[in-house]
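Q: sequence-free structure coming up:
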């Protein structure tokens, strides 16, 4: 007998019929003798509707009241799933974040989980054989006793954190895709589903643009060594053997559990990037701090950074990327600090895309990035900026060449036959 946490996203619980389908997945695991906790998102589109209502009520609304409103979407879903499960003869009850409690920081709309007490849920597993149906995406700030939410994709984070708290054997993330692919199959039809992927590789894929899992959920899985299994909620529940070693999907686990590491695991891309170039700055100590300090104070994340020093060594150009949504704020922040920075010109562009090649096998293979640069040059794709790390490198290119670049690199590293 195993203890499982099953998480279902918005498309999986979009209406009552789909909630019934989710209940059949849960029943299959209960009938197999497993102890089960379920974490659910709001119905597809419901969170967007609630957010829009808050904005309509007041564009400058109180973040604490915003959380009280948007957390209600998951409350509805958890209650409905508990009702359906009870109708199928399964002991079940719904839990809101504050009832467990899931204790978080006080950063409303983007809170971080600090602690979860799973003791009551564990005791109900043992004493009542009860399924816990938990509202994802939410918790409570114990200092103010206010409801908090975890930000977009927060239900994934809730699920992995709950799995760690109840000492689950595995956390199953059910979604509208059947696993993690070498890249987006809509861009590259030859993309292959990975049977297993290491936490580190998945963390890089998620942070570089892959939409399958929220970054913080992968971080939590790695910290707690909690295996995460990404699988499809649209597979027929009755067609899946709950005792199979691995049904269709992708297991995210420790690197030691993967027999053979490919040099490149996958390719991620993001079109939500903006490039900012600060030109002709005096090359002296403290200049970088005068640029990136104000950006940090404005909570703007900076990614790729490239510095070019002039031939005479007197001035330098700094080029970096920020999320496209922060483009205007970043530009205004730097403009406001012009007197302190002392630059001659500020250039920006939003028609850029970041392509990232990821694989823990790069640690022991030289020349992986050089192959990519050569292949992209052969396709007349100009590289604007490059960043590298031990298991990843990223290139910034013109958006128009995104799909061509991804396909070229996918073929280059043999992922078409993965």
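A: On my side now, so go ahead. Fair warning: this is a prediction, and the values are worked out from it, not measured in the lab. Residues are numbered from 1 along each chain as shown.

Q: show me the contacts for residue 26.
A: Residues near residue 26 by C-beta atoms under 8 Å, 6 or more residues apart in numbering: 6, 36, 38, 81, 85, 90, 131. Heads up, the C-betas are built off the backbone N, CA and C, glycines and all.

Q: hmm, 6 Å instead?
A: 36, 38 (C-beta atoms under 6 Å, 6 or more residues apart in numbering).

Q: look up how far residue 233 lies from it.
A: 11 Å (C-beta to C-beta, to the nearest Å).

Q: likewise for residue 403?
A: Distance from residue 403 to residue 233, counting by C-beta to C-beta: 28 Å.

Q: cool, and residue 41?
A: For residue 41 relative to residue 233 (C-beta to C-beta), the value is 11 Å.

Q: ok, residue 99 next?
A: Taking C-beta to C-beta, one finds residue 99 at 25 Å from residue 233.

Q: the more surrounded of these two?
A: In this view residue 99 and residue 233 are compared by other C-beta atoms under 10 Å, and residue 233 has more residues nearby, 23 against 13.

Q: that one against residue 173, yeah?
A: No - using C-beta atoms under 6 Å, residue 233 makes no contact with residue 173, being 9.6 Å away.

Q: residue 106: what secondary structure?
A: coil (DSSP: H, G, I helix; E, B strand; the rest coil).

Q: against residue 139, how distant is it?
A: Distance from residue 106 to residue 139, by C-beta to C-beta: 11 Å.

Q: neighbour count for these two, which is higher?
A: Taking other C-beta under 10 Å, residue 106 and residue 139 do not tie; residue 139 has more neighbours (32 against 14).

Q: you'd agree the more buried one is in a helix?
A: No - under three-state DSSP, residue 139 sits outside any helix and is assigned strand.

Q: list the contacts of it.
A: Residue 139 makes contacts with 97, 102, 104, 148, as judged by C-beta under 6 Å, 6+ apart.

Q: list the buried residues in stretch 53-62.
A: Residues of stretch 53-62 classed as buried: residue 54 (neighbour count, 16 or more other C-beta atoms under 10 Å).

Q: nope, stretch 150-165 is what I meant
A: Under 16+ other C-beta under 10 Å, the buried positions of stretch 150-165 are 150, 153-165.

Q: how far out from the middle of the chain is that stretch?
A: How far stretch 150-165 lies from its chain's middle: 11 Å, per C-alpha atoms, centre = their mean, to the nearest Å.

Q: quick one: average pLDDT of the helix or strand harbouring residue 28?
A: Element membership of residue 28 [criterion: DSSP states H and E] is helix 16-31. Computed over helix 16-31, the mean pLDDT rounds to 96.

Q: roughly how far apart are the residue of the chain positioned farthest from its centre and residue 282?
A: The centre of the chain is farthest from one residue, residue 312, which by C-alpha atoms, centre = their mean lies 43.9 Å away. Going from residue 312 to residue 282 by C-beta to C-beta gives 12 Å.

Q: now residue 367
A: Residue 367 is 37 Å from residue 282, by C-beta to C-beta.

Q: which one's more surrounded, the two?
A: residue 282 (12 against 9).

Q: tell me the contacts of that one?
A: By C-beta under 6 Å, 6+ apart, the neighbours of residue 282 are residue 342.

Q: one more: residue 108?
A: Per C-beta under 6 Å, 6+ apart, neighbours of residue 108: 63-64, 67, 148.

Q: likewise for residue 154?
A: Contacts of residue 154 (C-beta under 6 Å, 6+ apart): residue 137.

Q: could you number the chain from 529 rather than 1 from now on?
A: In the new count, where the first residue is 529, that last one comes out as residue 682.

Q: roughly how far does it sit from residue 639?
A: 8 Å.

Q: just residue 781 next, same as before
A: Using C-beta to C-beta, residue 781 is found at 28 Å from residue 639.

Q: these two: which has the busier surroundings?
A: Neighbour totals were compared for residue 781 and residue 639, and residue 639 leads with 27 against 21 (other C-beta under 10 Å).

Q: the more buried one reaches residue 631, doesn't it?
A: No - using C-beta under 6 Å, residue 639 is not in contact with residue 631; the gap is 9.6 Å.

Q: hang on, residue 774 is in a helix, isn't it?
A: No - under three-state DSSP, residue 774 sits outside any helix and is assigned coil.

Q: report pLDDT for it.
A: At residue 774, pLDDT is 70.

Q: try residue 789
A: 68.

Q: what's the closest non-adjacent residue to residue 664?
A: residue 683 (3.0 Å; C-beta to C-beta, 6 or more residues apart in numbering).

Q: now swap in residue 671 and tell me
A: residue 634 (6.3 Å).

Q: what does that neighbour show for phi and psi?
A: Dihedral pair for residue 634: phi -100, psi 10, per degrees, to the nearest 10.

Q: check residue 835 too.
A: phi -120, psi 130.

Q: likewise for residue 585?
A: phi -70, psi -40.

Q: how close does it get to residue 578?
A: 11 Å.

Q: now do residue 556
A: Distance from residue 556 to residue 578, by C-beta to C-beta: 32 Å.

Q: the nearest residue to residue 568 once chain neighbours are set aside: which element?
A: Excluding its sequence neighbours, the residue lying closest to residue 568 (C-beta to C-beta, 6+ apart) is residue 605, at 4.5 Å. With elements taken from DSSP H and E, the one containing residue 605 is helix 600-615.

Q: thanks a lot, catch you later.
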